[in-house]
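Student: requesting a structural model of the entry that follows:
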Amino acid sequence: MSTKHLTLEPPAHFEHAVSLNRRELEPHLRLMAALKLFELGKVSSGKAAELAGMPRVQFLETCGRYRVSLYNCPPEELERELRNDVAAASKLRR
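Tutor: Next up is the predicted model:
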């Protein structure tokens with residue numbers, strides 16, 4: 001896996017404002033970025049987990065702790081899938 005470096009320079013004393021020390025700040029910011037990118041549907045859970053530096057299963061558990069839905073499906077798509085499921089279930093009953 002090839003990686004690129006991104007430099008982020010938080011404002012002075014930022015770590016104090018978020019109650020983290022300098023060593024904790026980078027992984028926390030990586031996790032927050034990964035959670036938000038996943039929540040917005042910009043990356044898959046696997047890519048988000050990679051960015052957060054953790055296994056996918058752990059990332060999915062972390063989503064629950066931060067109340068990030070694992071199902072980022074647009075309402076129209078969800079409705080279409082539900083209609084298809086109901087139609088398929090109706091055919092099974094015949």
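Student: where does the prediction get shaky in this protein?
Tutor: Regions of the chain meeting the criterion pLDDT under 70 cover residues 1.
Student: helices along that one, start to end?
Tutor: According to DSSP state H, the chain carries its helices in the segments 14-17, 22-39, 45-52, 56-65, 75-93.
Student: can you give the contact residues for the longest one?
Tutor: Residues outside helix 75-93 that contact it (Cβ atoms under 8 Å, 6 or more residues apart in numbering) are 71, 73. Every C-beta, even on glycine, is put in place using the N, C-alpha and C of the backbone.
Student: just the second one next, same as before
Tutor: Outside of helix 22-39, the residues that reach it under the criterion Cβ under 8 Å, 6+ apart are 8, 10, 14-15, 18, 20, 43-45, 48-49, 51-53, 59, 62-63, 66, 68-69, 72.
Student: could the helices of the chain go into TSV alongside mean neighbour count and distance to residue 2?
Tutor: Below are these laid out as TSV (neighbours: other Cβ atoms under 10 Å; distance: least, Cβ to Cβ, whole Å):
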stretch	mean neighbour count	distance to residue 2
helix 14-17	12	29
helix 22-39	15	17
helix 45-52	18	12
helix 56-65	14	19
helix 75-93	9	33
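Student: any chance of the ones you listed in TSV, with distance to residue 3 too?
Tutor: Shown next, in TSV, are the helices of the chain (distance: least, Cβ to Cβ, whole Å):
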stretch	distance to residue 3
helix 14-17	24
helix 22-39	12
helix 45-52	9
helix 56-65	17
helix 75-93	33
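Student: not counting its neighbours along the chain, what's nearest residue 70?
Tutor: Leaving aside its chain neighbours, residue 70 sits nearest to residue 63 (5.8 Å; criterion: Cβ to Cβ, 6 or more residues apart in numbering).
Student: now residue 8: phi and psi?
Tutor: Per-residue torsions, residue 8: phi -120, psi 120 (degrees, to the nearest 10).
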